[in-house]
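**Student:** Provided below are the primary sequence and the corresponding predicted coordinates.
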2 protein chains.
Amino acid sequence: MSQDGVDLETSLGYLLKEASSALRTAMEEVLRPLGMSVTHYSCLELLAQRPGLSNSELARGAFVTRQTMNVLLQGLEREGHVTRGEATVGKVLPVRLTARGRRVLGKASAAVRGVEVRMTGGLSVEESAEARRILRGMIGALRSGA
Amino acid sequence: MSQDGVDLETSLGYLLKEASSALRTAMEEVLRPLGMSVTHYSCLELLAQRPGLSNSELARGAFVTRQTMNVLLQGLEREGHVTRGEATVGKVLPVRLTARGRRVLGKASAAVRGVEVRMTGGLSVEESAEARRILRGMIGALRSGA
DNA sequence: CTGATCATGTCAGTCTTCTGACACGCACCA
DNA sequence: TGGTGCGTGTCAGAAGACTGACATGATCAG
C-alpha cells in the first residue's frame, strides 16, 4: 500500500496541508469577530510592512491571483481602508493604508499574533529556527522544479 | 513596526502558508495533465488508504466541508471512479474506489510522490523526523485552543 | 419509553477565487 | 526606428468552496 503511494500518516506534504488548514481555521476564528477575513488581513498586513506595494505585488505576497487581489482592493478602497495613488511608472498603482485601515489592522494584527504565539508556544528557540530553515528549504526545492 | 505586528520575514505562520501554497501549485502542475485537481486526488488517495470512508469522514480528511465533498463525490461517481454502497448503520454511506478509480489514482499518486520527493529531497532522515514532530506539535497547539 | 442531543447526507443560494481575454506601458534588441 | 517580449491593471464568465437549512437515524439521560 505505502510502497508506491503516499502514506498519509507519514507524509510531510499531508502534514503541511493539515498544519496550514489548522492555522487558517484558527485565524478565521479570531478575525471573524473583527469582521475581517484572512485574505483581507493578509493584504492589510502586507501594506503595513511594505507601503506602496502594487496590486500584482500584493497578490504574490498573499498567494492569490492579481485578479482576486484586485476585487479585494476595490472592496477595501470602498470601505476606506486603503488608497490607490497615481501611477508613477507604467500602469503600476501604489497602494497605501489609510488611518482607518491602520486602525482596524491594529486589532487584527494583535489577534493573529496571539494565534501564532499559541502555535509556536511549545517550541524552543532552536526548534523555531530549525523549522524556519526546513520550511525555506522545502519552498526553494518546490519552486526550483517549476 | 515589527514589535507588535507579525514580521513576514520571520513569521512561521507566513512561512507555513508559503510552503503550503508552493506545494499546492506544484501538485496542480503535475495533476493537470492527468485531468485531476488536488481535491480530486486527495479524495481518491484517502479512499485507497482507508476504504469505506463516509462522505463526512472524507471531508475531514481533505479539509473541506461535507457539502463540498458531497458534490465532489457525485462527480466521481458519475465518472465511475467511486461507488457508494448501502447504509449499514444510520445514514452513513461507505464509499469505495472502482477498478477505474484505482487506475487513474495510480498515475496521480506516482506524480504526487515525485513532488513530495522533490520537496523533501534535501532533508536528512533526522530533519524529516524533526519536521514531522514540530508540525504535529503546531497542529495540536492550534486545535487545543479552539 | 420518551425527549434531547448529535452526526450524517443532501438541497439551495451565495461568496470567493480562478481562468480567459484585452489594452496599455516599459525595456530590450536588431 | 520599429518590433518583440514581458509585466501590469482590469473586465467578464466559470468553477470551486462555503454557509444555511432540513429531514433522518443513532445515542444517551431521565
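**Tutor:** Noted; the coordinates are in hand.
**Student:** Tell me which stretches of chain A form strands.
**Tutor:** A:82-84, A:95-97 (DSSP state E).
**Student:** Compile those into a markdown table and extend it with columns for mean neighbour count and distance to A:L105.
**Tutor:** Glycine gets a C-beta too; all of them are placed from N, C-alpha and C. Converted to a markdown table, the strands of chain A look like this (neighbours: other Cβ atoms under 10 Å in any protein chain shown; distance: least, Cβ to Cβ, whole Å):
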| stretch | mean neighbour count | distance to A:L105 |
| --- | --- | --- |
| strand A:82-84 | 17 | 10 |
| strand A:95-97 | 20 | 7 |
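**Student:** so can I have CSV of the ones you listed showing mean pLDDT?
**Tutor:** Formatted as CSV, these follow (pLDDT from 0 to 100):
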stretch, mean pLDDT
strand A:82-84, 95
strand A:95-97, 97
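**Student:** Could you dump these into TSV with distance to B:A141 added?
**Tutor:** Formatted as TSV, those follow (distance: least, Cβ to Cβ, whole Å):
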stretch	distance to B:A141
strand A:82-84	33
strand A:95-97	31
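**Student:** Quick one, which of those strands gets closest to A:G61.
**Tutor:** Proximity to A:G61 (Cβ to Cβ) singles out strand A:95-97 among the strands of chain A, at 11.6 Å.
**Student:** my guess is A:G101 contacts A:G80, does it?
**Tutor:** Yes. Counting by Cβ atoms under 8 Å, A:G101 touches A:G80, with 7.5 Å between them.
**Student:** So for the two, which sits in the more crowded spot?
**Tutor:** A:G101 (22 against 12; other Cβ atoms under 10 Å in any protein chain shown).
**Student:** report the longest helix in chain A, please.
**Tutor:** Assignment by DSSP state H gives helix A:99-120 as the longest helix of chain A.
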